[in-house]
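# here is a sequence together with a model predicted from it:
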Amino acid sequence: MTDHRSISRLEGLATTGALDRVQDALDKAPPILNELGISPDAVKTALGTGFTQLESIGMQPSQLEAIVRAVGRPPMLVKNSKVEGKMSLSGDFDANISGKITAVEPFLGSVGRVEFVNHDMGWGGTGWVIADDGTTMLMVTNRHVAKLVAKRTHRGDGVFLFSPFGATRYAARIDFGEEAGVPPDPARVLQVEKFTYLADDAAADVAIAEIRRPSEGVQIGALPLAASDGDDGETVAVVGYPAADPFRKRPDRDAELFSQPLRRQTVCARVAACAGYAGHSGA
């Protein structure tokens, strides 16, 4: 069945010049193509094929759309608190994009993976430190992440649920050292003591938790909050642990296109597109 929605979106991308920018970027063999398991020549062939004829070369319109978006605004692996591939960005970004990403790197250690205890899911999203008064540390995550292990009370806070397989309560922690290819660091895994705020379903998708302080010598600082929403067109970075969307009609396509292990990634995007990534990043 022809995917008319993807074809329409591809036509829109062509109108904005995004396809031309991707075509130019292919000569530099963007690293993201290795992760997608496709060669620059195969993408060039697809871009030169009519959108309604893509199936004749073994590609779906939705696949080409995903490739175009990934090349234009690629997810980049974070390893040892450094963003890999930042020097190879082009297309949608200004000439100083690598410098802007470098300026973000000192804050990466304040972003962690929210993990679960006594649960059939090992982890469920992203969290980051928003406050540290010297006694208490607070981290923020999504309501939909917290609700996997906790429920909201009439007071507006959250309490951990019991496992359906016994009288054991769920628990949660946040790992600020989880990265691909990096040995685990137990000192950077902090226990979630309690959820001090768990938004109801009609409010913003936010939960706040009090977390155990790290051991002496481990530095995990609070991320400074911006004083404003920023300017239209401003470049921002989204940091998190993206996972396949269970509500997609074709989850096998996620596996086909993005077969690499889940890991901390950064996604650089314009402010206009940033909101589209927020839910998946846990932001």
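That came in fine, so what should we check first?
# how about the strands in this protein?
Assignment of strands within the chain using DSSP state E yields the ranges 75-79, 82-83, 111-117, 123-132, 137-141, 150-152, 158-160, 171-175, 189-198, 207-211, 235-240, 265-270.
# now these as JSON lines including mean pLDDT?
Formatted as JSON lines, the strands of the chain follow (pLDDT from 0 to 100):
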{"stretch": "strand 75-79", "mean pLDDT": "80"}
{"stretch": "strand 82-83", "mean pLDDT": "84"}
{"stretch": "strand 111-117", "mean pLDDT": "93"}
{"stretch": "strand 123-132", "mean pLDDT": "92"}
{"stretch": "strand 137-141", "mean pLDDT": "96"}
{"stretch": "strand 150-152", "mean pLDDT": "96"}
{"stretch": "strand 158-160", "mean pLDDT": "96"}
{"stretch": "strand 171-175", "mean pLDDT": "96"}
{"stretch": "strand 189-198", "mean pLDDT": "96"}
{"stretch": "strand 207-211", "mean pLDDT": "97"}
{"stretch": "strand 235-240", "mean pLDDT": "80"}
{"stretch": "strand 265-270", "mean pLDDT": "48"}
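# quick one: which of these is nearest Asp20?
For the strands of the chain, the distance to Asp20 is smallest for strand 265-270, at 17.3 Å, taking CB to CB. (C-beta placed from N, C-alpha, C; glycine too.)
# outline the domain layout of the chain.
1-72, 109-211 (automatic domain parsing).
# what's the end-to-end length of the last one?
For domain 109-211, the separation between the terminal residues is 15 Å (CA to CA, to the nearest Å).
# before we move on, back to that, could the strands of the chain go into TSV alongside distance to Asp24?
Converted to TSV, those look like this (distance: least, CB to CB, whole Å):
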stretch	distance to Asp24
strand 75-79	19
strand 82-83	22
strand 111-117	32
strand 123-132	32
strand 137-141	38
strand 150-152	48
strand 158-160	49
strand 171-175	39
strand 189-198	43
strand 207-211	42
strand 235-240	19
strand 265-270	18
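# ok, which of these comes nearest Lys100?
Once CB to CB is applied to those, the stretch that comes out nearest is strand 235-240, at 6.3 Å.
# mind listing what that closest one pairs with, with the direction of each?
With DSSP bridges as the criterion, the sheet partners recorded for strand 235-240 are strand 265-270 (antiparallel).
# pick out the shakiest of the domains of the chain, pLDDT-wise.
Ranked by mean pLDDT, the domains of the chain end with domain 1-72 at the bottom, a mean of 86.
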